[in-house]
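Novice: Requesting a structural model of the entry that follows:
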Amino acid sequence: MTSAPVRPASSGTSPLAVVSLIAGILGLTIAWGLGSLVAIITGTMALREIRTQPESTGGEGTARAGVVLGWVGIGLTVLVLCAFCAFFLLLVPAYGLLSRTAEPTSLWLGMFLAA
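Specialist: As a prediction, the model looks like this:
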C-alpha cells in the first residue's frame, strides 16, 4: 500500500510579503506614494520567491494584498495630484486668488458670492 508523498509544510510567511502588506497599509494612510511603491516592489519580489520555493515559503495572499494596496495607493495619489493641479490651474485663475491687486477681504467675499 503506497501513500501519496507528503509535502512538507511551509516554514512560514515570507518576510517580504509582510513588508509588502505593511507598506501597502502605510501607503494608504501616511506614506503616500513611497509606501505604495515599496509595497508593489516587495510584493512582487515575495510572489516570485514564493513561486520558486513553494515548499519552503508561504504568504502568497499576504503578498498579493500588499501589491493590490500598493496599486490602490498609487491610483489615489495620482487622483489627489490631479485634483491639486486642477485647483491651481482652473480655480485660482478664475477667482483671481493670487492677484496682487485684490484686497484680502474681496478675495474671500468673491469666492463665496460667486458660488
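
Novice: And residue 74, how far from residue 57?
Specialist: In this view, residue 74 and residue 57 are 26 Å apart by CB to CB, to the nearest Å. C-betas here are computed from N, CA, C, even on glycine.

Novice: out of these two, which sits in the more crowded spot?
Specialist: residue 57 (21 against 17; other CB atoms under 10 Å).

Novice: Please list all residues in contact with that one.
Specialist: Residue 57 sits next to 10, 11, 12, 13, 14, 49, 50 when contact means CB atoms under 8 Å, 6 or more residues apart in numbering.

Novice: Show me how to select, in ChimeraX, the buried members of the residues you listed.
Specialist: In ChimeraX, this line selects whichever of the contacts of residue 57 come out buried by 16 or more other CB atoms under 10 Å:
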select :10,13,14,49,50
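
Novice: nearest to residue 65, of the contacts of residue 57?
Specialist: residue 13 (11.5 Å; CB to CB).

Novice: Perfect, I'm done here.
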